[in-house]
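Colleague: Give me coordinates for this.
(2 chains)
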Amino acid sequence: MLIDSGRIVSDFDPHFKIFHELMPFKVQEILLVSSLYDAFIMEEDGSLATRLINEYHGLNLSKAPRITRVSTAEEALEILRRKPFDMVMTMPYLGSMDGFELGSEIKKIRPDIPVILVAHNIRSTFADKLDSHGVDKIFLWCCEADLLLAIIKNVEDHRNVDEDISRAMVRVIIYVEDSPVYRSIFLPLIYHEVVRQTQSVLDESLNERHRLLRMRARPRILMATSYEEAMRLYERYKPYVFGIISDARYRKDGQIDAHAGYSFLQHVRSEIPDLPLLMVSSEPANKEMAEKLPAIFIDKNSPVLLDEMHDFFLNYLGFGDFVFRLPDETAIGHASNLYEFEQQLRVIPDDSLEYHAKRNHFSNWVMARAEVALARRLHSDYISNIKNLSDMREDLIFKVHSLRKLRQQGVVVKFNHSNYDPDIMDFVKIGSGSMGGKARGLAFMWACMQGAYSEGSVLSKYSVTIPKTCVITADGFDAFVAENNFFYQENMADEMVADIFLDATLPSWLRKELAGFLKKCTKPISIRSSSLLEDAQFKPYAGLYSTYFLANNHPDFRERLSQLESAVKLVYASTWFESPRAFSRASNQGMDDSMAIIIQQVVGSEYDGFWYPSMAGVAQSHNYYPVMGMKADEGIAHVALGIGKTVVEGEKSLRFSPSHPKRLLQFSSVEDILENCQRYFYAIDMFSNSCVQRQSSNLVKRMVQDAEQELPVQMLSSTYIADEHRIRDANLPGLKIMTFSQVLKYTSYPLAEILSELLRLGRNGMGCEIEIEFAVALDKDIEKSTFYFLQIRPMVTGGERADVQICDHEVSQSFCFSSQSLGHGNFNSMADIVYVSPESFNPAATRAIAAEIGALNRKLVSDGKPYLLVGPGRWGSADPWLGIPVQWSDISGVGAMIELRNKALRVDPSQGSHFFQNITSLGIPYLTVTEEAGEVQEHNRENDFFDWKWLREQPELQQYKYVRHVRLNTPLVMKCDGKKSESCLLSGEDAEQAACTVEGLRIYNQKYT
Amino acid sequence: MEQIMSLVKERDPEQREFHQAVQEVVETVKPVLDRNMEYRQQAVLKRITEPERVIMFRVPWMDDEGQVHVNRGFRVEMNSALGPYKGGLRFHPSVNLGIIKFLAFEQVFKNSLTTLSMGGGKGGSDFNPKGRSDAEVMRFCQSFMAELYRHIGPNTDVPAGDIGVGAREIGYLFGMYKKLSNEFTGVLTGKSLNWGGSLIRPEATGYGTVYFAAEMLSTRRETMEGKVCLVSGSGNVAQFTTEKIVQMGGRVVTLSDSSGYIYDEQGVDQEKLEFVKQLKNVRRGRINEYVQQYPDAVYFPIDPALEHNPLWAHKADCVMPCATQNEINKKDASNIVEAGVTLVSEGANMPCTPEAVEIMLDSGLLYAPGKASNAGGVAVSGLEMAQNSMRLSWPREEVDARLKQIMKSIHKTCLDASSEYGAGQNYLVGANIAGFTKVVNAMLDQGLV
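Modeller: Residues are numbered from 1 along each chain as shown, chains lettered A, B, ... in the order given. Below is the predicted model:
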């Protein structure tokens, strides 16, 4: 598959999308027509193509054009008929015809193709043939690659200018020069200056790729050779003209006119009083005329020509610092970037503000930075109607600030304490190493989200962003370990590792940067891992490393910094903790994990001394328990009040499908709601800021009832009315129940819609099923609420350590197959099977059966043996005639459940709905096996089956009146394919032997660990 | 007897649940039938096992996605000899005619035992409210009532809630009934308080269990004052059972949940009870937290190795099992007897296994079956009807006083029936016979209709 890298890049960089679209025409194929002699001269100093390529690389430009050389006009015409070229360069003497004749012939074949004549000496420039239609431009060439580059760029500029103006209002510099000699000197010089200046003034907060992109908005250079041509260009591009550089003497009305330049510039000045004008002339006498205009004057023969040209760009075209002046020209301040520009705008006196605004200095200066939209918004036409200077100041500041913020969205910027502005820089990184899986995912998703903002989706209607984030890249960890001479030793206890790390010192550069960051970050922060292995695709390291939360409000800055450093060291220490190492060993991950760290501002607000978000949770793009009309690919979400630890650690939270937020299976009845609703939540205690507690991530666990006067609980809870045994979706006196009704049922805030959109974006972006963490800060004014995206990772939960595929061969070897199963993963820890004997089953005795199962369960739980439970009808049915009426406590140790539909009990499958909360939170597979076809002889996917004969032959451990308990010699292997909702069970022995091919891949049923 | 069973099975061979219910009644009322030839002659069993009316109807409704569903609605009006049909509506996928008929049959005797003027019926649908939105539930309820409304009325048939039908569903059903019939009457019970519901609903079962126990004690000229009580469970019924025992001067020393039980020799007083309410209703915590708060108490976690529950081995005067079914087995019953307990009043539904009941009855202790002792819930439903008829809302104290009076009547009815049939103070026999004879006598009084 071909990948259009430009398209991918532009998809990720919507703010920069406009720049991707600029300069659509690129000269890629050049036909060079030169006699052998000319060719010899040109190649004397090395290959022209090589020099051009070097020039391109030097300027960091993409693909250099390819040059095809032919020696004769005939060859040229012949090849032009066959192959597409973007430009023709011809020498004057070609044997059978000269360059001009060739040009005319070429135009007959390809009227649009630019034909450039290059001559080695001034005599060959044929000044009298300038009006020839066959040749577009003539240059004097001594094989300078930078002239060739300038010619190419100029051809591109002329071709692209209309489209680029319409797309981005790019600016135009008109350069009028009739002399091929000076043109050949000045054009490369002007390009060089434009590129150099534009690059140097681009906001330093941009990353390198974006700087290159932004270069595409540099001013276009349009060249004219006569008064008429100059006027034509001026009239056509008047609103976009940025500056004019003009010779003094050139053709006007067909005659060389010594004052043509003056006339042209005078006309322009009369229409645009503040436009920068430059007259270049070899006649010093013209200086006086230029000053009359007024225009800047440069003598073509000046020994400091380069410096003077540079000064013009710097001082008059706005490429230098912005010098704030009073009306009497006294300088009162400088700004070298937009940040300083904004700061100065806040403090300069009114008269200075007015002085610059009226003269359009702000717009010009911003335009030079390729900020076309802002330049337009700062143009005097737009701001001059603001009469009140204080309003104007506010307006200017707002516009500049908004742009700076916009430019940072979706961009990870290298942290620099001298210009760090937390207000606009949402994502910065300290260090230059890897950001780790978590931070990479966050940066990726943030970039993806920028594209979605503009599609009119819910993401653009509501504030959806990431919290202020600072990543310490992995070189921080590496330096920390190296500087402190740490060596991992086997069998070091976690506590010991933590103690050693805490006693060590962070690298001084890191401490300095952290201090710089912390100075400007005064809200609570979280410090979490972003290891290089963690969250990498298909490497489910999630949750193995530590996370700490800091109130970050100690009055002593040194204490705040010390706590941050301690938290960073503790997260570093968790890299060497036993569980990630064990996991690394188990998954054959040979390399040692290195660690980046994400410091994030904790989402939320302070309520009565506690800081927490209104809601937080996890959403997955695939739902392995799709019931009640839900579809697996609609995903599933869990949401809870407060910090997301509640959800991540599997405490009580609300599960819902983002596509069906009103269908809350665990909230089906008042009893269900009372049983399943969230009672506790996590928050940061803002009064407990004296030290970092290692336990509980420095969080406190609060009761929902204790926060009933706080805004999030009031906005998200319902009230239980005991006298009526009902729950009302209102804030009334009584027990507060976290139902999230306002959000899910009444959609006061479109949480479900936002999650659906983000899951779609994430799945498309990562190309696999994904899991995201989020938090929401609700505001009284719901429109001001903000959704924060916290992280993304490939979806891995519970036992799903690998993709599950079930092949036909395995089905044929199975003792059970279900085409209607819930759950996903490979399971191989069950050797015990507890089942209701079909022979002794009596529908009137289901209560007694439940009692037998309860007794067996107690025994198996105390032995620590998970088991497979098999029986007819609905497990946990309230109606004893429809299934075995077990309570959860009767089956609490179950590892997997099978409900059978057969002649004994032909009821609709319950799909585990009685124990939905338990089976989903514990990831227990629930299989429905329909045996209506009777005993199936052939094991295939055609029918569900359960091989009773096989089961009867297994070693019996206990036989009750109705229930039988067998224990297999080796654990059975259960494979649940959550995507296809099918499962099969194999005996341990059969599984080891079975191996087959699925979609071309060899699948081995090795023991899963 | 066998004839009636064959007839029932022959008529509706698929209705296994109903067969079993009839079988149980027939067995328990055998002495009554043996003694009253009139009952046989008037074929009361045949008549009582056949519903007065069965209504089965289509319930079409549309889900939130615009998809049409068709469920089946039922109302079995079983017997109106004692008053308007009264019985719950059940919305559950398991519902079918057999189940509704079986439930309606049992309801006749339950209502009869309350001594209130209530006949028996039951209804429902195979609609599954699990995971349905409010709007879907409302549309279903409205469609259900669009047919049912012509068959019910405050003096005809007064449905209530049951599984899947709570205050929300009752509200939607009532609203539709009101619109179609153009009258605001007490046609449903279980309504919200501010438009016709009754107070004391949450307390009724627990309070009633204690009132019944107090009546049992009064037959031995004793009161609850100073009685040591073993209460199991810590949910709604257990909490209000404890509350009433404390109010009547008794001492509750145990409470439990699925993890274990606490033993507090000092007794659970009102303050401690408030802690338990907070613990179980608000925090949903484990009962072992009780001993952290009150260190004098002892916590006993469940021992899976034990075949019995040591809670029932503590010395006490009264036992109120309020946790779950089958929580007292043979061994527990023996322990209860050995501990010198004089009274068992069931707060939960069928908490004692049949073997346990046998042991307790044999020992001579006073045993109140749940169908009598926990009838408080049904009784308050009757009181809601009464308040609606009078267009009055009684204060809490009045409903409580009337509940007490009803439990007193139930006790007397059971005791009288038991005595009449020579079973002494066997409340199980008394309850079975009393429930049956009240209905049958009324049927005979009203002629062959």
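Colleague: model confidence over the helix or strand containing residue B:146, on average?
Modeller: Assigned by DSSP states H and E, residue B:146 belongs to helix B:134-148. Averaging pLDDT along helix B:134-148 yields 96.
Colleague: now do stretch A:99-119
Modeller: 88.
Colleague: Quick check: end-to-end length of that stretch?
Modeller: 10 Å (CA to CA, to the nearest Å).
Colleague: Burial check on the residue lying closest to residue A:371 once chain neighbours are set aside, number of neighbours?
Modeller: Leaving aside its sequence neighbours, residue A:371 sits nearest to residue A:403 (CB to CB, 6 or more residues apart in numbering or on different chains; 6.4 Å). Any C-beta I mention is one placed from the backbone N, CA and C, and that applies to glycine too. By the criterion of other CB atoms under 10 Å in any protein chain shown, residue A:403 has 21 neighbours.
Colleague: Just the buried positions in the one helix or strand residue A:403 maps to, please.
Modeller: In the assignment (DSSP H and E), residue A:403 maps to helix A:389-408. Neighbour counts using 16 or more other CB atoms under 10 Å in any protein chain shown place A:392-393, A:395-396, A:399-401, A:403-404, A:407-408 of helix A:389-408 among the buried residues.
Colleague: Chain B: which of these is nearest?
Modeller: Comparing the buried residues of helix A:389-408 against chain B with CB to the nearest CB places residue A:408 closest, at 41.2 Å.
Colleague: got the residues of the stretch 251-400 of chain B near chain A?
Modeller: Neighbours of chain A within the stretch 251-400 of chain B, by CB under 8 Å from any CB of the partner chain: B:258, B:281-284, B:304-305, B:307, B:324-326.
Colleague: go with 7 Å
Modeller: Residues of the stretch 251-400 of chain B that fall close to chain A, judged by CB under 7 Å from any CB of the partner chain: B:258, B:281-284, B:304, B:326.
Colleague: are any of the residues you listed buried, and which?
Modeller: Buried positions within these, assessed by neighbour count (16+ other CB under 10 Å), are B:258, B:281-282, B:304, B:326.
Colleague: pLDDT wise, what is residue 123 at?
Modeller: Just so you know, I chose chain A. The model reports residue A:123 with a pLDDT of 60.
Colleague: um, chain B though
Modeller: Looking at residue B:123, its pLDDT reads 96.
Colleague: The strand or helix carrying it versus helix B:134-148: what angle between them?
Modeller: Using DSSP H and E, residue B:123 sits in strand B:120-125. Angle of strand B:120-125 versus helix B:134-148, following axes from the mean of the first three to the mean of the last three CA atoms, to 10 degrees, is 130 degrees.
Colleague: From the contact counts, what lies against strand B:120-125?
Modeller: The contact analysis (3 or more CB pairs under 7 Å, 6 or more residues apart in numbering or on different chains; DSSP states H and E) places strand B:120-125 against strand B:68-79, strand B:85-91, helix B:97-113.
Colleague: Run the contact check for the second one versus chain A.
Modeller: No. Strand B:85-91 is not in contact with chain A by CB under 7 Å from any CB; minimum separation 9.2 Å.
Colleague: Show me the contact partners of that strand.
Modeller: In this structure, residues lying in contact with strand B:85-91 by CB atoms under 7 Å, 6 or more residues apart in numbering or on different chains are B:77-78, B:104, B:107, B:111, B:118-125, B:127, B:129, B:157-165, B:169.
Colleague: mean confidence score for it?
Modeller: pLDDT averaged over strand B:85-91 gives 95.
Colleague: What of stretch A:681-694?
Modeller: What stretch A:681-694 shows for mean pLDDT is 83.
Colleague: cool, stretch A:978-992 as well?
Modeller: 81.
Colleague: re earlier: mind listing the strands the strand holding residue B:123 pairs with, and their directions?
Modeller: If you go by DSSP bridges, strand B:120-125 pairs up with strand B:68-79 (antiparallel), strand B:85-91 (parallel).
Colleague: So which bits of the first one are buried?
Modeller: Along strand B:68-79, these residues count as buried under the neighbour rule (16+ other CB under 10 Å): B:71, B:73-79.
Colleague: those strands in the stretch 651-800 of chain A, which residues are they?
Modeller: With strands called from DSSP state E, counting those that start in this stretch, the stretch 651-800 of chain A shows them at A:654-656, A:680-685, A:700-703, A:717-721, A:726-728, A:735-738, A:770-777, A:786-794.
Colleague: Looking at these, which is nearest to residue B:441?
Modeller: Among these, strand A:726-728 comes nearest to residue B:441, with 38.6 Å by CB to CB.
Colleague: Strand partners (parallel or antiparallel) of that closest one?
Modeller: Here strand A:726-728 has these sheet partners by DSSP bridges: strand A:717-721 (antiparallel).
Colleague: Can you list the neighbours in contact with the strand it pairs with?
Modeller: Strand A:717-721 has contacts (CB under 7 Å, 6+ apart) with A:674, A:727-732, A:734-739, A:741.
Colleague: Emit the PyMOL select command for whichever of these are buried.
Modeller: With 16+ other CB under 10 Å as the criterion, this PyMOL line picks the buried residues out of the contacts of strand A:717-721:
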select buried, chain A and resi 674+727+728+731+734+735+736+737+738+739+741
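Colleague: May I see the contacts of strand A:717-721 arranged in a markdown table, with pLDDT as well?
Modeller: Formatted as a markdown table, the contacts of strand A:717-721 follow (pLDDT from 0 to 100):
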| residue | pLDDT |
| --- | --- |
| A:674 | 89 |
| A:727 | 92 |
| A:728 | 92 |
| A:729 | 91 |
| A:730 | 88 |
| A:731 | 86 |
| A:732 | 89 |
| A:734 | 88 |
| A:735 | 90 |
| A:736 | 92 |
| A:737 | 93 |
| A:738 | 95 |
| A:739 | 95 |
| A:741 | 93 |
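Colleague: looking at the strands of the stretch 651-800 of chain A, which has the lowest confidence?
Modeller: strand A:786-794 - the lowest mean pLDDT of those, at a mean of 87.
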